[in-house]
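Colleague: take this sequence and fold it.
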Amino acid sequence: MRDRKEILKDIILINGDLSLLEKELSPYSWDVEESLIVLKGIDFVTLFKKSIEDKVTFESLVKWANLIECRDDIDFETDVLQEYIFEIANPEINGELTRERVNEIILDLEMKIERTE
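Modeller: Next comes the predicted model:
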């Protein structure tokens, strides 16, 4: 059995098949005392750029966000990232994820990342 933190890292980066990663993570509880890994803005931007380059589907981004949303073992570098995860994980509430919206999110996060450097 692989280390939980390694699996979470692979999920954050979509490094592998999400369904297999989800199955691999399933023995572990969603609830923990403290997070094991932090989702960073740069990871988010890198992943979203892959979707613009058609290396990751929008459907995969929705599944990815659903795997991450509400997990106590994953923390977020900023609250904005957590808000974006909620938006993406819930297209029935927030609207379908489009290329235009992904570009808006990338631009927003890149500006926020630049301000913190």
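Colleague: can you show me the helices along this structure?
Modeller: Here the chain has its helices, by DSSP state H, at 4-12, 18-25, 41-52, 58-68, 79-89, 91-94, 99-116.
Colleague: the first one: which residues count as buried?
Modeller: Looking back up the chat, that one is helix 4-12. In terms of neighbour count (16 or more other Cβ atoms under 10 Å), helix 4-12 has its buried residues at 4, 7-8, 10-12. From N, CA and C alone the C-beta is placed, and that goes for glycine too.
Colleague: please apply the same query to the third one.
Modeller: Neighbour-count burial for helix 41-52 flags 41, 43-45, 47-48, 50-51 (criterion: 16+ other Cβ under 10 Å).
Colleague: ok, now the fifth one?
Modeller: Residues 81-82, 84-85, 87-89 are the ones in helix 79-89 that count as buried (16+ other Cβ under 10 Å).
Colleague: over to the last one?
Modeller: For helix 99-116, a neighbour-count test (16+ other Cβ under 10 Å) marks 101-102, 105-106, 109, 113 as buried.
Colleague: rewinding a little: in CSV, list the buried residues of helix 4-12 along with pLDDT and distance to Ser35.
Modeller: Formatted as CSV, the buried residues of helix 4-12 follow (pLDDT from 0 to 100; distance: Cβ to Cβ, whole Å):
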residue, pLDDT, distance to Ser35
Arg4, 92, 11
Ile7, 96, 14
Leu8, 95, 9
Asp10, 96, 16
Ile11, 95, 13
Ile12, 94, 12
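Colleague: name the nearest of those relative to Glu33.
Modeller: Set against Glu33, the nearest of those by Cβ to Cβ is Arg4 (13.3 Å).
Colleague: relative to Lys63, how far out is Lys50?
Modeller: Per Cβ to Cβ, to the nearest Å, Lys50 is found 14 Å from Lys63.
Colleague: about what we covered before: between the buried residues of helix 4-12, which is closest to Leu18?
Modeller: Distances from Leu18 to the buried residues of helix 4-12, taken by Cβ to Cβ, are shortest for Ile11, at 7.1 Å.
Colleague: which residue packs closest to Met1, ignoring adjacent ones?
Modeller: Spatially, and ignoring its direct neighbours in sequence, Met1 is nearest to Pro27 (7.3 Å; Cβ to Cβ, 6 or more residues apart in numbering).
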